[in-house]
Each structure stands twice: as C-alpha cells, then as structure tokens.
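Undergrad: Provide a 3D model corresponding to the input given below.
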Amino acid sequence: MIKEHLRPPDFGSERTAVQEAGVSRTAGNGACVRVRDRLVQLLYFGATLRLCILRTFGVMLKSKMRKHDLSKTDGLISKTVSGLGRGRSSLQRPMVSPPSQSGHGSQRQREEEESLRDKIRADHERALQEAKEKLRKSREELQAEIQTEKNKVVEDLKKKDAGPKPLPPVPMPKVVGVSDGEPLEPDVKEKRDKIREMMKHAWDSYRQYGWGHNELKPLAKKGHSTNIFGNSQLGATIVDALDTLYIMGLHEEFKDGQEWIEQNLDFSVNAEVSVFEVNIRFIGGLLAAYYLSGQEVFKLKAVQLAEKLIPAFNTPTGIPWAMVNLKSGVGRNWGWASAGSSILAEFGTLHMEFVHLTYLTGNPIYYQKVMHIRKLLAKMDRPNGLYPNYLNPRTGRWGQHHTSVGGLGDSFYEYLLKAWLMSDKTDTEARKTYDDAIEAIERHLIRKSNGGLTFIGEWKNGHLERKMGHLACFAGGMFALGADGSPDDKAGHYLQLGAEIAHTCHESYDRTVLKLGPEAFKFDSGLEAVAVRQNEKYYILRPEVIETYWYMWRFTHDPKYRQWGWEAAQAIDKYCRVSGGFSGVKDVYSSNPTYDDVQQSFFLAETLKYLYLLFSSDDLMPLESWVFNTEAHPLPVLHLGNITLPGSEPAQR
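TA: You can find the predicted model right below:
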C-alpha cells in the first residue's frame, strides 16, 4: 500500500504537477491555464531564473576582480564554480591551473572565464529550445508524456514497496516426515481425528469471526488483540496456525492463510510489538511454513519482519529492548520489569530463528546479534551459578535476583539446548552452557515435596519459593530431550527427572474439578500441586504440560502419556469449547466455570499440535530432523558440514 506522503502526484487531475510547482491560476475570471501553457511558463521561468542567477554571478565576479589581485580571484572562481557545478552535468567544474604571477596566468584566467560564459549561454539556449519544442506539441502529446511520467513514478514506488531483493539461493535442509504419521491402532487414530476436528473448529471460528485480527473472542464472536502485538491487525493466529494446519493435512485452510499473508500481512505499520513474541510466533511461524511447504512468500515475509526487529538491539550493551515500534524502530522495556530491565526469557529466546535467518539470507547480522548476547552473558557473574531473570540493557548489570524456570526465564534454557540440537550437535558452546545452567537449577531450585512430588521452585531474594508455574511444566520435556548427550553418563538421570516433572504436572491437572491445570501451584502448608490464590486458578489453553507428555512419549513410549494427553484433550473439549471456538476458563476448581473469552493463538500453534503429534506415529516430524521452537514451530536441523557457523565444532560421531 502506498503511504500518503509517497503517493505520486495526480497528473491527470486539474491540479497538475506544474500547478504544484508554483504556477497559479490566472486572475480575473478564475479560468485555468491550459496544461501546455503552464508547462511553457514553468520552463521559461526556470530558464530565465537560471540566466539571471548566472548573470548576477558574472557581475559579482567582475566586482571581486577589481578589488582583489589575480591569485585571490583565481581561488574565488575555482571555489564558486565548483559550488555551482556540483550535481549539474551542464556546469561541470573546469580544470583550473594553479595561479601564476606572469601575464600568461592572466590570459589563462580570461580564457577560462570566457569558456564558463560560453557554457552558461549554451545551457540557457538548451532550456529555451526545450520550451519551444513543448510549444509545438499538441495537448494530447503533452498529456501522453505526463501519463508516462506518472506511470514511471508509480512503478518506482512499487519497486520501493516490493520489499527486499530476492534472497540468495541456499541448499534446502533435508525435510522429512512432514505429513501422514497415521497410527496403526484404530483407537489412537480415532483420538487423532478428534484433535484434528478440534483444530478445524478453532480455525473455522477464527476464519468466520476474527479473520485478520490477531486473536479471537469466541463468545463475543469478534476479533481480539493484546498489547504484545501493538494496535494493528497482523493476523497472529493465521501465522501461528499455518504449520499445524499443514502437518494435519488441512491444506485448503493452509492455502487460505497463505493467501491472506500474501495480500495483507504488512509490517510497515505504526505498531509497538513485543520482540520476543513476534519472533517466536511470526518469524518462527513463517520460517516453519516455508520449510514445510517450500513457498517463498513465507521466507520473504520472515526476512522483512526480521529487519524491523533489528533496531531493538540498538542499546549500549546490545541486549535488545522488549518492545520495538515496527515503523520508527524506537525501543523500550516493560515498565514493570525491575527498573527498566530486559527479561532473560525474551532476549534469550531469539537464537533458533536468527540462525536460520542468517542461513537463508547470507546476512551475518542475525547470527552476530544473538552470539553477542551469549558472549556477554558468559562474562557475567552468576549468583549460585543461576541466571537472574532481569538484565539492564543500559548498564549491563543484573536486576533483582529472581530466577525461574517458569515465566521470565523458561525458554532461555530451552534455546541453549535446542541451539546445540539445531546445529547438528556442533554448537558445543551452547551445550556446555546448558549443562552448567541445569546443574545449578537442579542444585538450587529442584526439590521433592513431603508427598514425594518433584517440583521446580523459584529463587527470590535469597530463598526458594515452593511454587511452580504451568509454564515451568515444559521442563520435563526439555530434560528428556537433553538426556542424550548429557555429561557424566547422566542420560538416565535426566530422563527420570523429566518423568518426575511430568507426573507432578499431571497431578496439578488431576487435583482440579475440571481436570485442567492452574496457572501456578504450591507445595507448602499441607497443600501440594494446588493453586492457592484466586488469580492463579485460571487455565488459558496453555500447552506446556501436553508438550512434556509428547516428548516423554517419544522417548519412552509409556502409554500413560497418551492417556494423560487424552484426559487433557477431553477436558478442553468439554469445558473450553464454545460455539465460536475455544476459550480459557477463570477457575479450574469451579464446577461452573466462567470464560475469559480469548482463543489464544498458541492454542492452535502449540496445544493442538502437540496433542496431534502425541497420537501420531514417530515418523511424523522426527526429532532427528526437526527442532521445535518455543512456540512449537518446527525448524530443520542444519547439517552444515564444512560450513559450520563460527564457534561450532565438528560433531562427534
């Protein structure tokens, strides 16, 4: 879309470009000057003005020559002619020799002055000749010329708005297992079909009531958005759901989403967005859709958006702002975040997408930005080996010492492990950083309750808070995913730890009335895996517990994980489904829950995708070939061979 200040002038209307340049309407009866006359007036006026300026320059030049000696005049002519001639082909700077004290110097100077006058006369004659030629042309010829110029302006603007130049060709990573995955067991297939039907209901409802909006209000049956997406309709649900649709074989729905993106997804809007959320949902979603389908539009849109996020890194430390305006590039942090700090889980959850951007574009800036963050963190002191959740991007110092594997910290640790996996296990620096961080977490944050439940607490102000968030439940899957390759032959230990976290999180679901887990649950005062505060009893269609079930199923094939996943799917369908989609609920301990009236985009991107994969065979999205970002968007492992990214080492095979 051409912005207002970039629109070409409307040459076909009564107010032509000539009128815009300053030729007014004729006085008296107010009749308009004809197009041809206005053009001639403009050309003649310009030529006359140019001649007057140059003649004035000549008078000034003679006056200067009377007052100054020859050598000073030489310098004046040289300097003045240079200024007049810059940028004009008809007034190129003459080659002036160094001044001489002899008569030969004066003669040479006079010849140069005469040469300059000749050029001025020639330039004036050319301007007059152009005006005469215009006079000979008919009104139709002039209008044709004007239309040609107008078309040229429009084409130039189209080229300008067309986005970045075509990206360099790069070898497509080997893409396997992107479809089918039908299970052999009839009952499992029936469950998988039910999950697909739930996806259809969520998508069709959004398509009918919220199309183009970021999210859906399924009860009010209208569009919805939160401040993480700014004030623009960016179609977050469309981008977030694309790869789920593709994996489920819903190709007509995928095509509808692709067409909307091609025609409507515009990042040149005055909208302040979350760098983290836009990266994991939009860039991650677009890249996954590109790798799955091979459609170039997704790659190009991802790169266009990434360029809009780069200004967020313009801080004294290179730690990005939490928010950035897509149009102005101005960044800032959340007001509530520890005196203007950036958040560990936000600036630490860019690596996967940014490495793929560098791979696809050949532009090292994306890789450099995330590696700078890693190297800066490596130099910092860490209390008890733990990473605090807040870091000031101006000073490079930690904010308040609060450490969590749930909200504010979670996906930082996840991306350390997945950077290693995505690099075909060559990014050994990332793996070492992950192992050290997990060792500190296990030492200081992981405990067993009196009832024998393993949980991950939060470190606050020097003591452990015995509370675990729903977001932290992803860690069971992370421990299982990182078991292979862990140091000191601890693979079995971390697989067992993942199973214990999965069990605890299942208990948080099972101990509610709705069989859906609360936002956070405690392990003290005789209560275990139960929410205490009213503002922690809600469920907003979150995926983390089901994510862990899927990873544990892939690594153990223990049937209880499919059973637990089916319990969750049934509860969602029973208590969260409404006629206009799916809604979160405000109290999972109430038998008569109220709705929050929001169908989150991550419900389609993550929750339903993980459920579908849980009831599919392992050859659908095999973990040897795909790594899922924190929004469940699959990105292929980069088997880079001899062109490994800096800091990587050859894989040990």
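
Undergrad: now Lys574: how far from Glu114?
TA: Distance of Lys574 to Glu114, given as C-beta to C-beta, to the nearest Å: 97 Å. (Each C-beta comes from the backbone N, C-alpha and C, glycine too.)

Undergrad: ok, now Ala440?
TA: Between Ala440 and Glu114 the computed distance is 85 Å (C-beta to C-beta).

Undergrad: can you tell me how far Gly399 is from Gly340?
TA: The gap separating Gly399 from Gly340 is 9 Å, by C-beta to C-beta.

Undergrad: just to revisit the earlier point, more crowded one of Ala440 and Glu114?
TA: Higher neighbour count among Ala440 and Glu114: Ala440, with 17 against 10, using other C-beta atoms under 10 Å.

Undergrad: am I right that that one falls within a helix?
TA: Yes: in this structure, Ala440 lies within a helix as judged by DSSP: H, G, I helix; E, B strand; the rest coil.

Undergrad: distance-wise, check the closest residue to it other than its chain neighbours relative to Thr349.
TA: Nearest residue to Ala440, sequence neighbours excluded (C-beta to C-beta, 6 or more residues apart in numbering): Gly385, at 3.3 Å. Distance, Gly385 to Thr349, using C-beta to C-beta: 20 Å.

Undergrad: the two: which has the busier surroundings?
TA: Ranked by neighbour count (other C-beta under 10 Å), Gly385 and Thr349 place Thr349 first, with 27 against 14.

Undergrad: ok, the more buried one touching Ser274?
TA: No: contact criterion C-beta atoms under 8 Å: Thr349 and Ser274 do not qualify, at 11.1 Å.

Undergrad: okay, and the common contacts of Gly399 and Gly340?
TA: Asn392 (C-beta atoms under 8 Å, 6 or more residues apart in numbering).

Undergrad: where along the stretch 301-450 of the chain do the strands fall?
TA: In the stretch 301-450 of the chain, the segments counted as strands under DSSP state E, counting those that start in this stretch are 323-325, 331-332, 342-343, 390-391, 402-403, 446-448.

Undergrad: please disregard the earlier target; I meant the stretch 151-300 of the chain.
TA: Counting by DSSP E, counting those that start in this stretch, the stretch 151-300 of the chain has strands at residues 215-217, 222-224, 272-274.

Undergrad: got those strands as a markdown table, with mean pLDDT columns?
TA: Below are those laid out as a markdown table (pLDDT from 0 to 100):
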| stretch | mean pLDDT |
| --- | --- |
| strand 215-217 | 98 |
| strand 222-224 | 98 |
| strand 272-274 | 98 |
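
Undergrad: so which of those is the most packed in?
TA: Of the strands of the stretch 151-300 of the chain, the one with the most neighbours on average (mean count of other C-beta atoms under 10 Å) is strand 215-217, at a mean of 26.

Undergrad: what distance separates it from the centre of its chain?
TA: Here the centre of strand 215-217 is set off from its chain's centre by 21 Å, with C-alpha atoms, centre = their mean, to the nearest Å.

Undergrad: any regions of this protein where pLDDT drops low?
TA: The model of the chain has pLDDT under 70 over residues 1-106, 134, 137, 140-141, 144-145, 147-165, 640-653.

Undergrad: if you set the cut-off to 90 instead, what comes out?
TA: Regions of the chain meeting the criterion pLDDT under 90 cover residues 1-174, 461, 524-526, 639-653.

Undergrad: and stretch 368-388, how far out from the chain middle?
TA: Relative to the mean C-alpha coordinate of its chain, stretch 368-388 is positioned 23 Å out (C-alpha atoms, centre = their mean).

Undergrad: list the contacts of the closest residue to Gln600 other than its chain neighbours.
TA: Of all residues not flanking Gln600 in the chain, Leu541 sits nearest, at 5.2 Å (C-beta to C-beta, 6+ apart). Taking C-beta under 8 Å, 6+ apart, we find Leu541 in contact with Ile572, Cys576, Phe582, Ser583, Gly584, Gln599, Gln600, Phe602, Phe603, Thr607.

Undergrad: what is the burial count for Ala220?
TA: Residues lying near Ala220 (other C-beta under 10 Å) number 13.
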